[in-house]
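# what's the 3D shape of this:
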Amino acid sequence: LTAKVLEEVNAFIQDYGKKNNYKLILGTTNDGSILYGDEVLDLTTTVVTLLNEKYLSSPEVKGK
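Numbers count the residues shown, from 1 in each chain. Predicted structure coming up:
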């Protein structure tokens, strides 16, 4: 039952955020939950690419 309720709440929040043009909706828990985030704010690909470039250019990796 709990999983079903959480699924419905999350779907509602996603829909509400999109319909009301929110960029970010934060949760009230202490774990820093992001309940909704506009995809424009997602920097995951950029950060992973930059971290990989930094790692691959490090002396430890270049020397292998």
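# where in this protein is pLDDT low?
Scanning the chain for pLDDT under 70 picks out the ranges 30, 32, 64.
# residue nearest the centroid of it?
With distances taken as CA atoms, centre = their mean, residue 42 lies nearest the centre of the chain, 6.1 Å away.
# and that residue, how far from residue 14?
According to CB to CB, to the nearest Å, residue 42 and residue 14 sit 14 Å apart. (C-beta placed from N, C-alpha, C; glycine too.)
# buried ones in stretch 49-61?
Counting neighbours by 16 or more other CB atoms under 10 Å, one finds that stretch 49-61 has no buried residues.
# apologies, that question was intended for stretch 35-49.
Buried, per 16+ other CB under 10 Å, within stretch 35-49: 35-36.
# which other helices and strands does the helix or strand containing residue 35 contact?
Following DSSP states H and E, the helix or strand that holds residue 35 is strand 34-37. Applying 3 or more CB pairs under 8 Å, 6 or more residues apart in numbering; DSSP states H and E, we find strand 34-37 packed against helix 2-19, strand 24-26.
# out of these, indicate the one that is most buried.
strand 24-26 (a mean of 13; mean count of other CB atoms under 10 Å).
# report the strands that pair with it, each with its relative direction.
strand 34-37 (antiparallel) (DSSP bridges).
# what is the subsequent helix or strand relative to the partner strand?
Following strand 34-37 toward the C-terminus (DSSP H and E): helix 44-56.
# tell me which residues are up against the helix or strand that comes right after that following helix.
Per DSSP H and E, the first helix or strand lying C-terminal to helix 44-56 is helix 59-62. The contact list for helix 59-62 (CB atoms under 8 Å, 6 or more residues apart in numbering) reads 55-56.
# try it again at 10 Å.
54-56 (CB atoms under 10 Å, 6 or more residues apart in numbering).
# what does stretch 24-41 give?
By CB under 10 Å, 6+ apart, stretch 24-41 touches 9-10, 12-18, 20-23.
# rerun at 8 Å
So stretch 24-41 is contacted by 10, 13-14, 16-18, 22-23 (CB under 8 Å, 6+ apart).
# related to what we said a few turns ago, nearest to residue 4, of the contacts of helix 59-62?
Using CB to CB, residue 55 comes nearest to residue 4 of the contacts of helix 59-62, at 41.4 Å.
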